[in-house]
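Asks: coords below, sequence missing:
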RNA sequence: GUGACCGUAGCUCAAUGGUAGAGUCCCAGAUUGUGAUUCUGGUUGUUGCGGGUUCGAGCCCCGUCGGUCACCCCA
């Protein structure tokens, strides 16, 4: 039996690496005062038809359940979040700072950095319309990536503003109904040829020169981004962002400020992306409630690739993983006749909270030390003929002492104190 | 969904159309109570799968499944 395409087994090492990412996401989000929430993995398909539109609907893992409901595995969090907020908005003080680390499903052809199943950190800030909220979210995003050992040399946040383009277009006579079509041309600007873009722009009475000129000197339409940059400069984080108006993003619901994160080497896909969606909650609540909101998503697949590529980030991760797996104490049974005493010690150590391991089957002492080494143990306790005395050995320092077994716990604890 | 390339041991890879191999990993040993290195021995394949051509196919042809990359889009 082979795996379904785009799905993963997590063997212990993979699982530890995944958990490292999830744990770091949670730690940094909480550092910024965000609280965790979650929702169902399965939703009625209408939830996504109503909002996501276009691409995402075509990528749904959907089916009809036994109650003949048409359902879909969640491909993103924002619709669920909007529903949750709309349902109990009055129970929470504003602004809401919520995050979650859900597993998502999208029926796409898999490639590097893109699977059919993945984890994604979602951070959303709801109920605050000011630019300071935009800056706060960007600071969180930047610190999040820095927590993985990534630096200014490794990634860049490209920030943009859809409103700047909307004003630009309206000032030049583009009708309001055609704004989304116009944004789609800008979205493809970097990937399409100049001729191709020119042909599309002609429909709006514009030329590539108009676009190039605006990109070079945006004018007052981009003032919002300037105050954003000032905020980040005060935090010393301005080196991580770049103004790039070619960022527009595909999703239809973004209303203003938008951004994407890329690795500097450009060898991976986008690491994260997000922006403002000030009208979405209103749409999801059928007009009953209107709250400004913004958020971003960061997937585990591209991030894991980048961590693997950047030595500093890789070494941080490996350190974390090794520490997760390491045993504190390994009990070496040097004399089979002392097995009952050894099991007693083993149990005492475990009840004291130490990660303690031993060889299940009788084995030579040398082999048991090999196992202790392999388990990353800090200490070995040798139990044998000298009972009731035992030997306590610090494996890395290769220092051994003989003590009475009743003194074991007091002798152990200073050696295992975390530095 | 479209196109190009790829598919050999758990992993990394060899094998002019002529008996499928190496390294690594794993396991067991090297004068009966201490970790490394080393040495010795051992296990592993319907060559992704199914057809076809041929005296003979890992190799050539077709299909299929899976992977990689590009398009598309995004995490």
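Replies: Received the coordinates, thanks. Predicted model, so just to flag it, every value in this text is computed and none were measured.
Asks: May I see the buried residues of stretch A:232-239?
Replies: A:232, A:237 (16 or more other C-beta atoms under 10 Å). Placement of C-beta: from N, CA and C, glycine included.
Asks: what about residue A:74, neighbour count?
Replies: As a burial measure, residue A:74 scores 21 neighbours (other C-beta atoms under 10 Å).
Asks: mind listing what it touches?
Replies: Contacts here follow C-beta atoms under 8 Å, 6 or more residues apart in numbering; on that basis residue A:74 touches A:39-43, A:80, A:102, A:104-105.
Asks: Narrow those to just the buried residues.
Replies: A:42-43, A:80, A:102, A:104-105.
Asks: For stretch A:269-280, what is the distance to the chain centroid?
Replies: Chain-centre distance of stretch A:269-280: 14 Å, with C-alpha atoms, centre = their mean, to the nearest Å.
Asks: Buried ones in that stretch, by neighbour count?
Replies: Residues A:269-278, A:280 are the ones in stretch A:269-280 that count as buried (16+ other C-beta under 10 Å).
Asks: for the record, mean pLDDT for it?
Replies: The average pLDDT for stretch A:269-280 rounds to 91.
Asks: does any part of that stretch sit near RNA strand B?
Replies: Yes. Applying C-beta under 7 Å from any atom of the strand, one finds stretch A:269-280 in contact with RNA strand B at A:269-274.
Asks: Looks to me like residue A:393 is in a strand.
Replies: Yes. Read with DSSP: H, G, I helix; E, B strand; the rest coil, residue A:393 is one of the residues of a strand.
Asks: Name the residues of stretch A:29-47 that come out as buried.
Replies: For stretch A:29-47, by 16+ other C-beta under 10 Å, it's A:29, A:32, A:34, A:37, A:42-43, A:45, A:47.
Asks: for stretch A:380-390, that is, sorry about that
Replies: So, applying 16+ other C-beta under 10 Å, buried residues of stretch A:380-390: A:380-384, A:387, A:390.
Asks: For the buried residues of stretch A:29-47, which two are the farthest from each other?
Replies: A:32 and A:45 (33.6 Å; C-beta to C-beta).
Asks: Residue numbers of the stretch 151-300 of chain A in contact with RNA strand B?
Replies: A:187-188, A:191-192, A:249-251, A:260-261, A:269-274, A:297-299.
Asks: at 6 Å what do you get?
Replies: Within reach of RNA strand B by C-beta under 6 Å from any atom of the strand, the stretch 151-300 of chain A has these residues: A:188, A:191, A:249-251, A:269-273, A:297, A:299.
Asks: And those residues, which is closest to residue A:310?
Replies: residue A:271 (11.8 Å).
Asks: So which bits of the stretch 1-150 of chain A are right by RNA strand B?
Replies: For the stretch 1-150 of chain A, the residues in contact with RNA strand B (C-beta under 6 Å from any atom of the strand) are A:5-6, A:55, A:106, A:108-112, A:114-115, A:118, A:120.
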